[in-house]
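Peer 1: Turn this into a model:
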Amino acid sequence: MKLSSLHPQLLGDWSGEKSLWFDPKASPHATCSCTLQVATEAMGKFLTLRYQWSFEAQPQSGLLLVGNDNAQDTVSAAWVDSFHSSGSVMHCRGEARVNGFLVLGSYAAPPGPDWGWDLALQYLPAGGLELLMHNIPPGGSPELAVRILWER
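Peer 2: Reported below is the predicted structural model:
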């Protein structure tokens, strides 16, 4: 799959709802509206996904810069978020999928080992867009942390 083949469906403005979990076994801790702007960068070689949301009435924002080597279906990404990030860029690598991609990064969690974080974007058959994010504890399985559903 080539991300460039998804560009026409993804580009532009989206709106929807973000759900946030602190405990993946419970109901979402918070939900809020979430907007998204998708554009291309560097002569169409990269996608930018800029999103805005809020937590406890405080504005938040994030940016995901995504590229893929179309010859190998590998995806790289850089992710920052005003709520989820410590001020460092999370560098992620992964794979292109039929209608999107899955990338994996990690973040420091002193005094213990680093934790994993994945981001999976999928263009839905009905025309929506879904972004799932999971926390991955050391030696553990992915735990749902964020789900955003956007529509035109």
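Peer 1: List the strands paired with the strand or helix carrying residue 80, with their directions.
Peer 2: If you go by DSSP states H and E, residue 80 is part of strand 74-81. When pairing is defined by DSSP bridges, strand 74-81 lines up against strand 58-69 (antiparallel), strand 90-97 (antiparallel).
Peer 1: Export those strands as JSON lines, with columns for distance to residue 43 and mean neighbour count.
Peer 2: For the C-beta atoms, the positions are set from N, CA and C on the backbone; glycine is no exception. Shown next, in JSON lines, are the strands paired with strand 74-81 (distance: least, Cβ to Cβ, whole Å; neighbours: other Cβ atoms under 10 Å):
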{"stretch": "strand 58-69", "distance to residue 43": "12", "mean neighbour count": "17"}
{"stretch": "strand 90-97", "distance to residue 43": "19", "mean neighbour count": "17"}
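Peer 1: for the residue of the chain most remote from its centre, helix, strand, or coil?
Peer 2: Relative to the C-alpha centroid of the chain, counting by Cα atoms, centre = their mean, residue 111 is the outermost residue, at 26.2 Å. When classified by DSSP: H, G, I helix; E, B strand; the rest coil, residue 111 comes out as coil.
Peer 1: per-residue pLDDT, it?
Peer 2: The model reports residue 111 with a pLDDT of 95.
Peer 1: From residue 98, how far off is it?
Peer 2: 40 Å (Cβ to Cβ, to the nearest Å).
Peer 1: Could you do residue 63 as well?
Peer 2: 25 Å.
Peer 1: ditto for residue 52
Peer 2: 28 Å.
Peer 1: what about the strands in this protein?
Peer 2: Residue ranges of the strands in the chain, as given by DSSP state E, are 12-20, 30-41, 46-55, 58-69, 74-81, 90-97, 100-107, 115-123, 129-136, 143-151.
Peer 1: I appreciate the help and will end here.
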